[in-house]
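**Q** give me a 3D structure for the following:
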Amino acid sequence: MADRAERKTDMRSLTGGRLNAPSSKQTPFYSYQDQFLKYLSAARRLAPNTYSRSYRYDLNSFGDFLREISIDDPSQVNKSHIRDYISWCRKRRLSSRSVSRRISTLKSFFRFLRAENLIAEDPTSMIEHPKQGRSLPKALTMGEVDALLAVSGKLDRGNTLEARNHVMLHLLYATGLRVTELVKLPLISFNRHSGTLRVLGKGNKERLVPIGEQARILLEEYLDHVRPRLLHGKTSPSFFVTRQGRAMTRNRFWQVLKNITLKAGIKKEVSPHALRHSFATHLLENGADLRSVQLMLGHSDISTTQLYTHIEHSRLKGIHKKFHPRG
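**A** Numbering: from 1, shown residues only. Next comes the predicted model:
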């Protein structure tokens with residue numbers, strides 16, 4: 001009770017000293033909407049564009065719906081009205097993502113009103129977000145991967161930064177590592193004898209990833225000749241380091257990849273995750289089984305890896321068309 005009273009005091013102070021009753025010139029809905037937006041601006045310190053454009057836009061849409069059904073007071077809104085509003089949005093051909101965002105806005109709005117005792121019940125409490133189809137991974141072609149690796153250069157011991165960047169890019173594609181896993185690789189993760197990396201992934205789950213002969217040779221060259229020159233006698237537990245002897249960061253590697261992409265003349269946006277997707281896509285296109293790809297990617301649930309089954313289906317269709325007498 002004390003926490004709730006304290007929160008109520010905070011909300012009132014942030015919305016101008018007290019929550020105002022609707023004026024005669026405003027419907028309760030738009031009056032409370034204004035107070036809610038002021039609360040967001042002050043309490044959550046959202047940027048003006050965030051609350052004035054996104055939240056206000058979503059709430060205005062709901063206000064339009066309420067006018068159509070002759071409701072001007074949020075206390076009159078029930079769960080059926082919220083469901084009708086979702087249908088109203090769908091009839092206007094809004095995507096599931098847009099509808100989900102509007103539901104999130106309404107949930108925040110009605111939670112605010114309920115916390116201030118302006119409504120008796122929150123009509124959005126049992127409303128679920130619409131299921132959104134998961135987008136298929138965007139993979140690079142083999143030609144685009146070759147172009148990236150060609151532009152990043154060969155492992156030139158004389159140019160330590162380019163040599164490091166080339167090894168990182170090659171390793172990302174050779175293993176399908178997440179960018180965070182790549183930059184956080186510890187020095188002890190590489191086993192020269194077995195040609196594998198011991199990777200700590202999401203949820204602190206450890207996995208052993210094979211890297212291939214080309215990547216193994218590159219890593220050995222980097223460790224023996226490039227990394228020592230970057231460190232200048234310093235020590236570091238990190239595998240990939242900067243000239244200051246610190247670990248590489250996600251942001252820095254993003255910049256590196258962006259520059260290499262521009263030099264390669266690739267028009268599409270290339271992210272570290274696109275290389276991870278390319279790794280999985282090209283494995284499946286060349287006959288790898290889904291379970292093996294799951295283990296290498298470090299997916300805890302094979303349903304995540306099954307996003308790639310469209311690749312397997314396309315490959316099988318191609319085989320059927322090529323080899324079946326009636327294909």
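
**Q** drop to CA atoms for contacts and neighbour counts, all remaining ones
**A** Will do.

**Q** any weak-confidence spans in the stretch 101-250 of the chain?
**A** Counting by pLDDT under 70, the stretch 101-250 of the chain contains low-confidence ranges at 131-137, 153-157.

**Q** for it, what spans make up the strands?
**A** 190-191, 196-200, 206-210 (DSSP state E, counting those that start in this stretch).

**Q** let's have these in JSON lines, adding mean neighbour count and distance to residue 140.
**A** Formatted as JSON lines, the entries for the strands of the stretch 101-250 of the chain read as follows, by neighbours: other C-alpha atoms under 10 Å; distance: least, C-alpha to C-alpha, whole Å:
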{"stretch": "strand 190-191", "mean neighbour count": "17", "distance to residue 140": "27"}
{"stretch": "strand 196-200", "mean neighbour count": "19", "distance to residue 140": "24"}
{"stretch": "strand 206-210", "mean neighbour count": "16", "distance to residue 140": "21"}
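
**Q** CSV please, covering the ones you listed and showing distance to residue 283.
**A** Supplementary listing: these in CSV, determined by distance: least, C-alpha to C-alpha, whole Å:
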stretch, distance to residue 283
strand 190-191, 22
strand 196-200, 17
strand 206-210, 13
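
**Q** residue 110: which of these is closest?
**A** Minimum separation from residue 110 across those (C-alpha to C-alpha) falls at strand 196-200, 41.2 Å.

**Q** got the CA positions of that closest one in PDB?
**A** The C-alpha trace of strand 196-200 is given here as PDB (Å, rounded to 0.1, in the frame of the first residue of the first chain):
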ATOM      1  CA  THR A 196      37.700 -25.600 -32.600                       C
ATOM      2  CA  LEU A 197      36.400 -22.600 -30.500                       C
ATOM      3  CA  ARG A 198      34.800 -23.000 -27.100                       C
ATOM      4  CA  VAL A 199      32.100 -20.300 -27.200                       C
ATOM      5  CA  LEU A 200      30.000 -19.000 -24.300                       C
END
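
**Q** in the one helix or strand residue 31 maps to, what counts as buried?
**A** Residue 31 is located in helix 28-43, with elements delineated by DSSP states H and E. Of all the residues in helix 28-43, those buried under the rule 16 or more other C-alpha atoms under 10 Å are 28-33, 35-41.

**Q** stretch 287-297 now?
**A** Neighbour counts over stretch 287-297 (16+ other C-alpha under 10 Å) mark 290, 293-297 as buried.

**Q** what is the helix holding residue 31 packed up against?
**A** helix 2-14, helix 56-68, helix 96-115 (3 or more C-alpha pairs under 8 Å, 6 or more residues apart in numbering; DSSP states H and E).

**Q** can you tell me which of those helices is most buried?
**A** Each of these was given a mean neighbour count from mean count of other C-alpha atoms under 10 Å, and the largest, a mean of 19, is that of helix 96-115.

**Q** domain boundaries for this protein, per the record?
**A** The record's domain split for the chain, according to automatic domain parsing, is 2-115, 142-323.

**Q** okay, these in TSV with distance to residue 124 next?
**A** Shown next, in TSV, are the domains of the chain (distance: least, C-alpha to C-alpha, whole Å):
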stretch	distance to residue 124
domain 2-115	6
domain 142-323	30
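
**Q** right, and those domains - which one's nearest residue 123?
**A** When these are ranked by proximity to residue 123, the top entry is domain 2-115, at 4.7 Å, counting by C-alpha to C-alpha.

**Q** ok now the closest one, how far from the chain's centre?
**A** Here the centre of domain 2-115 is set off from its chain's centre by 27 Å, with C-alpha atoms, centre = their mean, to the nearest Å.

**Q** name the nearest residue to the spatially most central residue of the chain, ignoring sequence neighbours.
**A** When the chain is reduced to its mean C-alpha position, the nearest residue by C-alpha atoms, centre = their mean turns out to be residue 273, at 9.6 Å. Nearest in space to residue 273, with sequence neighbours left out and distances taken as C-alpha to C-alpha, 6 or more residues apart in numbering, is residue 178 at 6.7 Å.

**Q** next one: residue 300
**A** Using C-alpha to C-alpha, 6+ apart and skipping residues adjacent in sequence, the residue nearest residue 300 is residue 294, 7.9 Å away.

**Q** wait, that neighbour sits on residue 288?
**A** No: using C-alpha atoms under 8 Å, residue 294 and residue 288 do not qualify as a contacting pair, with a distance of 10.5 Å.

**Q** the stretch 151-300 of the chain: helices as residue ranges?
**A** Taking DSSP state H, counting those that start in this stretch as the criterion, the stretch 151-300 of the chain contains helices spanning 160-175, 179-183, 213-221, 227-231, 250-264, 272-285, 290-297.

**Q** out of those, which is closest to residue 80?
**A** helix 272-285 (41.1 Å).
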